[in-house]
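>>> Got a sequence here, can you build the structure:
(one chain, ligands or ions: 2)
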Amino acid sequence: MVQRRRRRTEADFEEVPVIDFTLAERDPEAYYKQLRFALEDVGFLVFSNIPGFEDGFQKELFATATDLFGRPQEWKDALGTANSHSLRGYFRADTLPGPHKAYAEAYRFGADLPAPGEDAPFWLRLHEGPNQWPAASDLPQFREQMNTLFSRYHALNLALNQHICHLLDLPSDGLDEFFPTKTIEYNSAIWHYFPLTPEMKKAENGFVQGMHEHRDPSTFVTCLIQSRAGLQVQNHAGRWLDVPMVPGGVVCNIGMQLMKLTGGKLVATTHRVNTLKISQDRFTIPYVLSTRLEKEIRPLPQFASPTAAKEHVAPNPKIAKLMSIPDPLVRSGYARLSLFPAATAKLYPKEFEEAHQLGIV
Ligand SMILES: O=C(O)CCC(=O)C(=O)O
Ligand SMILES: [Fe+2]
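Ligands and ions are numbered 1, 2, ... in the order given. As a prediction, this is how the structure comes out:
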């Protein structure tokens, strides 16, 4: 018991590690040592030198994002998530009342699949549907650039899954059964966080909300490129640490489903975006390779022992309620509802109210 307590204290962290991705080939021993600490104790890291994610490529994407969000409000609203039951397209987060108000706007994407019919269950309608692409005459490069990014993110996720298998002593295809085989399903968005204004500076507690604090709920791994810093993670002592800005870097973090699968061996860490850190427009593009919605995630037998599981920090009652929903499909729907309350309150009023009654949103 004493030993466990000591180990947990030692495994706290004061900074988010930066790991050179090319070490995986050049010096696997050093790579996996760093990766183990990052994924088992921090839950977050920034990779540098991932082929295909060079600074120049990322800058082109952020230039396109600047064009996209610089368009007139009516143009953006015409591509709004309010048109899309799978919540693809544009939305604003700064006009929301209450705790979800955030100084940001965003544009959401997922696998381009036909919309299921109106009679389909809400979780499926939230999950599947076509993207809303701006007219090519308005933003000629946009679609191709985004699809290039998505295919690079996909390849990165396949590589990372293998690295995680190596860390966990699983066969290299040990995570494959959790992902769809016929389609590549993902969730992504371009986020635009507004810069700090004098009004926001009046904030108390050193925090102005770019994105509320959360752990990524229904995911294995989240990858993200950022144009500048602003993301913060909470260490085990509860202190907020800045995720460093690494040119050409990709931020990666563990989601709660992978934490569950590994009995807590890999940690999903609480994070948020703090606008107090954002002096100029900040753009990010997170990407999550979706797991099979219908697949219930349980700890793998080798991680099922309670002594292997690390206790987690910063328990959040809303997330605890969400995770206690037994049906994985319904849970995925509520997870999506709670992440995008502005749009889902309008598109799915009945389910939104149910989630509210359950204390999830
Ligand atoms: O944009 C960011 O920096 C954070 C995004 C994030 O946490 C998320 O999409 O889950
Ligand atoms: Fe997140």
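
>>> What are the boundaries of the helices in the chain?
Ranges of helices in the chain, per DSSP state H, are 2-10, 23-26, 28-37, 55-69, 73-77, 122-127, 142-167, 256-261, 317-323, 328-339, 341-347, 349-357.

>>> who in the chain is up against ligand 1?
Trp191, Met211, Asp216, Thr222, Leu224, Gln226, Leu231, His271, Val273, Thr284, Pro286 (CB under 6 Å from any ligand atom). The way it works is simple: take the backbone N, C-alpha and C, and place the C-beta from them, glycine included.

>>> Who are the contact partners of the second one?
Pointing back at Met211 there. If you count contacts by CB atoms under 8 Å, 6 or more residues apart in numbering, Met211 has them with Ala102, Ala104, Trp191, Tyr193, Arg272, Val273.

>>> okay if I get those as a markdown table plus distance to Asn157?
Below are the contacts of Met211 laid out as a markdown table (distance: CB to CB, whole Å):
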| residue | distance to Asn157 |
| --- | --- |
| Ala102 | 26 |
| Ala104 | 25 |
| Trp191 | 19 |
| Tyr193 | 24 |
| Arg272 | 24 |
| Val273 | 22 |
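
>>> Now tell me which of these the prediction trusts least.
Here the lowest pLDDT out of the contacts of Met211 sits on Ala102, with 83.

>>> ok so, going back, how about the helices of the chain, which one is nearest Pro134?
Using CB to CB as the measure, helix 142-167 is the one of the helices of the chain that comes nearest Pro134, at 5.8 Å.

>>> re the thing from before, tell me the two of the residues of the chain next to ligand 1 that are most distant?
Going by CB to CB, the pair spanning the residues of the chain next to ligand 1 furthest: Asp216 and Gln226, at 15.5 Å.

>>> Run a quick neighbour tally on the residue nearest to Trp240 when sequence neighbours are not counted.
The spatially closest residue to Trp240, leaving aside those adjacent along the chain, is Gln232, at 4.4 Å (CB to CB, 6 or more residues apart in numbering). Neighbour count of Gln232, defined by other CB atoms under 10 Å: 23.

>>> Touching, Gln232 and Asn274? I think so.
Yes: Gln232 is in contact with Asn274 according to CB atoms under 8 Å; the separation is 5.2 Å.

>>> residue ranges with poor pLDDT in the chain?
Along the chain, segments meeting pLDDT under 70 span 1-10, 97-100, 306-316.

>>> in it, which residue is closest to the centre?
Thr222 (4.5 Å; CA atoms, centre = their mean).

>>> Please verify my assumption that that residue contacts Arg215.
No: in this structure, Thr222 is not within contact of Arg215 by CB under 8 Å, at 10.1 Å.
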